[in-house]
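Trainee: Sequence and predicted model, in that order:
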Amino acid sequence: MFREQKGITLVALVITIIVLLILAGVTIAALSGPNGILTNATQATKDTAEAEAKEAVTMAINTLLTNGIADNTIKVIDDDTVLDLNQIVAQIKSNYNKTGEDVSGEGNTITYKTGGYTVTVTLDTSHMKIVGEPNATK
């Protein structure tokens, strides 16, 4: 009489291991590399810090201009209104600054530290507009 064999064969085991190795390779490639999830997440964090700084500066400028026009302390003529950089920095600190962040201004540049990044925003001080894109460094 023949006994019924139970269990898996060596071929089935080898095929299973090969499939698992292929899946591991695909997963590692998806996580790392120039288009990997980790690289994209790091870039998204940097982009978020830049956008947050740009928004804070823009909102501070708009708030100061709106308040100044409303109480007649600022008159806009041909879009040549100049705000003091210190006013913008103070507005950011009072309304848009979170714990652990730092804002400073010098010349026509505002430096905004957020999310582990230091973001530099350059202004055209004659028109109170952001020039170019913010530059974030770790």
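Mentor: In hand now; what should we look at? Numbers count the residues shown, from 1 in each chain.
Trainee: Provide the count of other residues in contact range of A53.
Mentor: 29 (other CB atoms under 10 Å). Bear in mind the C-beta positions are built from the backbone N, C-alpha and C, glycine included.
Trainee: Flag every buried residue along the helix or strand where it lies.
Mentor: Using DSSP states H and E, A53 sits within helix 37-70. Buried residues in helix 37-70, counted by 16 or more other CB atoms under 10 Å: 46, 49-50, 52-54, 56-58, 60-61, 63-64, 68.
Trainee: Now distance to T16 and pLDDT too, for the residues you listed, in JSON lines please.
Mentor: Output for these, formatted as JSON lines (distance: CB to CB, whole Å; pLDDT from 0 to 100):
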{"residue": "K46", "distance to T16": "41", "pLDDT": "84"}
{"residue": "A49", "distance to T16": "45", "pLDDT": "81"}
{"residue": "E50", "distance to T16": "47", "pLDDT": "81"}
{"residue": "E52", "distance to T16": "48", "pLDDT": "81"}
{"residue": "A53", "distance to T16": "51", "pLDDT": "79"}
{"residue": "K54", "distance to T16": "52", "pLDDT": "80"}
{"residue": "A56", "distance to T16": "54", "pLDDT": "80"}
{"residue": "V57", "distance to T16": "57", "pLDDT": "80"}
{"residue": "T58", "distance to T16": "57", "pLDDT": "81"}
{"residue": "A60", "distance to T16": "60", "pLDDT": "81"}
{"residue": "I61", "distance to T16": "62", "pLDDT": "78"}
{"residue": "T63", "distance to T16": "63", "pLDDT": "83"}
{"residue": "L64", "distance to T16": "66", "pLDDT": "80"}
{"residue": "G68", "distance to T16": "72", "pLDDT": "77"}
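Trainee: Before I go, just wanted to say thanks for your time.
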